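>>> predicted model and sequence below, questions to follow.
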Amino acid sequence: EDQDVYQTNSQYAQGFLDIMDNALASAQDIIVRAREIAVAMAGDTVTAGTRSSAATEVTELYTQMLDVANTDLSGRYVFAGSMYTTQPFNNAGVYQGDNNTPATKVGDNQWVQTGYDGSQVFASTVDIFVTLNNLITGLQANNSAAISTALGDLDLSTTQLSTWRSTIGSETNSAEDAQAVAENISQVL
(Lines give C-alpha, C1' and ligand atoms only; values in the text may rest on other atoms or scores of the structure.)
Protein backbone atom coordinates (compact mmCIF):
# COMPACT_ATOMS: atom_id res chain seq x y z
CA GLU A 1 0.00 0.00 0.00
CA ASP A 2 2.86 2.36 0.79
CA GLN A 3 4.35 1.72 -2.63
CA ASP A 4 1.10 2.71 -4.33
CA VAL A 5 1.10 5.96 -2.37
CA TYR A 6 4.74 6.58 -3.28
CA GLN A 7 3.96 6.02 -6.98
CA THR A 8 1.09 8.50 -6.81
CA ASN A 9 3.19 10.99 -4.88
CA SER A 10 6.04 10.66 -7.36
CA GLN A 11 3.70 11.38 -10.27
CA TYR A 12 2.26 14.33 -8.34
CA ALA A 13 5.75 15.70 -7.69
CA GLN A 14 6.76 15.26 -11.33
CA GLY A 15 3.75 17.33 -12.41
CA PHE A 16 4.81 20.25 -10.22
CA LEU A 17 8.45 19.93 -11.20
CA ASP A 18 7.56 19.90 -14.91
CA ILE A 19 5.48 23.06 -14.48
CA MET A 20 8.36 24.77 -12.64
CA ASP A 21 10.92 23.73 -15.25
CA ASN A 22 8.71 25.00 -18.08
CA ALA A 23 8.18 28.27 -16.22
CA LEU A 24 11.91 28.78 -15.75
CA ALA A 25 12.55 27.93 -19.41
CA SER A 26 10.12 30.74 -20.27
CA ALA A 27 11.90 33.03 -17.79
CA GLN A 28 15.21 32.30 -19.53
CA ASP A 29 13.65 33.16 -22.90
CA ILE A 30 12.46 36.47 -21.46
CA ILE A 31 15.94 37.28 -20.15
CA VAL A 32 17.50 36.35 -23.51
CA ARG A 33 15.15 38.77 -25.28
CA ALA A 34 15.82 41.54 -22.72
CA ARG A 35 19.54 41.02 -23.20
CA GLU A 36 19.19 41.25 -26.99
CA ILE A 37 17.39 44.56 -26.55
CA ALA A 38 20.02 45.84 -24.11
CA VAL A 39 22.86 44.93 -26.48
CA ALA A 40 21.12 46.69 -29.38
CA MET A 41 20.34 49.78 -27.29
CA ALA A 42 23.68 50.16 -25.47
CA GLY A 43 25.48 51.97 -28.28
CA ASP A 44 26.00 55.73 -28.24
CA THR A 45 24.38 56.22 -31.65
CA VAL A 46 20.92 54.91 -30.66
CA THR A 47 18.26 57.63 -30.52
CA ALA A 48 16.08 58.46 -27.53
CA GLY A 49 12.97 57.53 -29.53
CA THR A 50 14.36 54.10 -30.36
CA ARG A 51 15.23 53.50 -26.73
CA SER A 52 11.79 54.65 -25.64
CA SER A 53 10.20 52.08 -27.98
CA ALA A 54 12.55 49.43 -26.60
CA ALA A 55 11.48 50.38 -23.06
CA THR A 56 7.90 49.55 -24.03
CA GLU A 57 8.95 46.06 -25.10
CA VAL A 58 10.99 45.48 -21.94
CA THR A 59 7.96 46.59 -19.90
CA GLU A 60 5.99 43.83 -21.62
CA LEU A 61 8.79 41.39 -20.81
CA TYR A 62 8.61 42.47 -17.16
CA THR A 63 4.88 41.65 -17.15
CA GLN A 64 5.60 38.28 -18.73
CA MET A 65 8.23 37.59 -16.06
CA LEU A 66 5.65 38.36 -13.35
CA ASP A 67 3.30 35.86 -14.96
CA VAL A 68 6.06 33.25 -14.95
CA ALA A 69 7.00 33.93 -11.32
CA ASN A 70 3.31 33.63 -10.40
CA THR A 71 2.87 30.27 -12.13
CA ASP A 72 0.31 28.01 -10.53
CA LEU A 73 -0.93 24.48 -11.00
CA SER A 74 -4.59 24.00 -10.14
CA GLY A 75 -4.60 27.13 -7.97
CA ARG A 76 -1.37 26.29 -6.14
CA TYR A 77 1.45 28.77 -6.70
CA VAL A 78 4.69 26.84 -7.20
CA PHE A 79 7.07 29.68 -6.30
CA ALA A 80 5.32 30.84 -3.10
CA GLY A 81 7.05 28.48 -0.68
CA SER A 82 4.40 26.82 1.47
CA MET A 83 1.94 29.72 1.02
CA TYR A 84 0.28 27.85 -1.85
CA THR A 85 -2.70 30.15 -2.26
CA THR A 86 -0.76 33.42 -2.07
CA GLN A 87 0.40 34.97 -5.32
CA PRO A 88 4.18 35.01 -4.80
CA PHE A 89 4.98 38.36 -6.46
CA ASN A 90 3.01 41.58 -6.57
CA ASN A 91 3.14 43.95 -9.57
CA ALA A 92 6.22 45.67 -8.14
CA GLY A 93 8.06 42.33 -8.13
CA VAL A 94 8.06 42.12 -4.34
CA TYR A 95 7.96 38.58 -2.94
CA GLN A 96 4.90 37.78 -0.80
CA GLY A 97 5.38 34.05 -0.19
CA ASP A 98 7.41 32.44 2.57
CA ASN A 99 10.86 30.86 2.73
CA ASN A 100 9.71 27.25 3.08
CA THR A 101 10.24 24.62 0.42
CA PRO A 102 7.35 22.15 0.37
CA ALA A 103 8.19 18.50 -0.25
CA THR A 104 6.29 15.32 -1.00
CA LYS A 105 7.19 11.90 0.41
CA VAL A 106 8.08 9.55 -2.47
CA GLY A 107 9.80 6.74 -0.56
CA ASP A 108 10.32 5.38 2.94
CA ASN A 109 13.04 7.94 3.62
CA GLN A 110 12.84 10.08 0.51
CA TRP A 111 11.22 13.44 -0.14
CA VAL A 112 11.08 15.52 -3.32
CA GLN A 113 10.57 19.28 -3.34
CA THR A 114 7.28 20.32 -4.93
CA GLY A 115 7.57 24.07 -4.48
CA TYR A 116 10.23 26.70 -4.02
CA ASP A 117 10.87 29.98 -2.28
CA GLY A 118 10.44 32.40 -5.19
CA SER A 119 12.64 35.00 -3.54
CA GLN A 120 15.54 32.57 -3.96
CA VAL A 121 14.63 31.63 -7.52
CA PHE A 122 14.03 35.16 -8.82
CA ALA A 123 16.08 37.33 -6.46
CA SER A 124 18.97 35.45 -4.86
CA THR A 125 22.16 36.43 -6.70
CA VAL A 126 20.41 39.18 -8.60
CA ASP A 127 16.83 40.44 -8.39
CA ILE A 128 15.45 39.78 -11.87
CA PHE A 129 12.60 42.27 -11.41
CA VAL A 130 14.96 45.04 -10.29
CA THR A 131 17.22 44.20 -13.25
CA LEU A 132 14.37 44.53 -15.74
CA ASN A 133 13.19 47.74 -14.05
CA ASN A 134 16.71 49.18 -14.23
CA LEU A 135 16.84 48.37 -17.92
CA ILE A 136 13.48 50.05 -18.48
CA THR A 137 14.62 53.12 -16.55
CA GLY A 138 17.89 53.29 -18.49
CA LEU A 139 16.06 53.03 -21.80
CA GLN A 140 13.51 55.67 -20.84
CA ALA A 141 16.27 58.00 -19.63
CA ASN A 142 18.29 57.42 -22.83
CA ASN A 143 21.21 56.41 -20.60
CA SER A 144 23.63 54.09 -22.39
CA ALA A 145 25.73 53.56 -19.24
CA ALA A 146 22.70 52.30 -17.28
CA ILE A 147 21.77 50.02 -20.16
CA SER A 148 25.30 48.58 -20.22
CA THR A 149 25.16 48.01 -16.46
CA ALA A 150 21.89 46.12 -16.87
CA LEU A 151 23.65 43.75 -19.30
CA GLY A 152 25.83 42.35 -16.51
CA ASP A 153 22.80 41.75 -14.30
CA LEU A 154 20.96 40.07 -17.18
CA ASP A 155 23.90 37.70 -17.56
CA LEU A 156 23.76 36.91 -13.83
CA SER A 157 20.00 36.35 -14.18
CA THR A 158 20.61 33.76 -16.89
CA THR A 159 23.08 31.90 -14.66
CA GLN A 160 20.72 32.10 -11.69
CA LEU A 161 17.80 30.64 -13.66
CA SER A 162 20.03 27.90 -15.11
CA THR A 163 21.12 26.90 -11.61
CA TRP A 164 17.51 26.60 -10.47
CA ARG A 165 16.58 24.60 -13.56
CA SER A 166 19.40 22.19 -12.69
CA THR A 167 18.06 21.89 -9.14
CA ILE A 168 14.58 21.15 -10.45
CA GLY A 169 16.03 18.63 -12.93
CA SER A 170 17.74 16.82 -10.08
CA GLU A 171 14.49 16.70 -8.10
CA THR A 172 12.68 15.40 -11.20
CA ASN A 173 15.23 12.60 -11.53
CA SER A 174 14.71 11.71 -7.88
CA ALA A 175 10.93 11.61 -8.36
CA GLU A 176 11.25 9.42 -11.45
CA ASP A 177 13.66 7.07 -9.68
CA ALA A 178 11.36 6.85 -6.65
CA GLN A 179 8.41 6.04 -8.90
CA ALA A 180 10.37 3.26 -10.62
CA VAL A 181 11.45 1.78 -7.27
CA ALA A 182 7.89 1.86 -5.94
CA GLU A 183 6.58 0.20 -9.12
CA ASN A 184 9.22 -2.54 -8.90
CA ILE A 185 8.56 -3.23 -5.24
CA SER A 186 4.79 -3.33 -5.89
CA GLN A 187 5.31 -5.94 -8.61
CA VAL A 188 7.49 -8.07 -6.35
CA LEU A 189 4.98 -7.94 -3.51
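In hand now; what should we look at?
>>> confirm for me that R76 is in contact with Q87.
No: with contact defined as CB atoms under 8 Å, R76 does not count as touching Q87 (11.3 Å). (Each C-beta comes from the backbone N, C-alpha and C, glycine too.)
>>> in which helix or strand does the residue nearest to the spatial centre of the chain reside?
Geometric centre of the chain, nearest residue: L24, 4.0 Å, by CA atoms, centre = their mean. Per DSSP states H and E, L24 falls inside helix 2-41.
>>> and the angle for the helix or strand just after that helix with helix 2-41?
The helix or strand immediately downstream of helix 2-41 is helix 48-69, counting by DSSP H and E. Angle, helix 48-69 to helix 2-41, by axes from the mean of the first three to the mean of the last three CA atoms, to 10 degrees: 180 degrees.
>>> for the record, mean pLDDT for helix 48-69?
For helix 48-69, mean pLDDT rounds to 98.
>>> need the contact partners of it.
By CB atoms under 8 Å, 6 or more residues apart in numbering, the residues outside helix 48-69 that reach it are 23-24, 26-27, 30, 33-34, 37, 40-41, 79, 88-89, 91, 93, 118, 121-122, 128-129, 132-133, 135-136, 139-140, 142, 147.
>>> now do 7 Å
By CB atoms under 7 Å, 6 or more residues apart in numbering, the surrounding residues in contact with helix 48-69 are 23, 26-27, 30, 33-34, 37, 41, 79, 88-89, 91, 93, 118, 122, 128-129, 132-133, 135-136, 139-140, 142.
>>> give me the buried subset of those.
Listed as buried from these are 23, 26-27, 30, 34, 37, 41, 79, 88-89, 93, 118, 122, 128-129, 132-133, 135-136, 139-140, 142; burial here means 16 or more other CB atoms under 10 Å.
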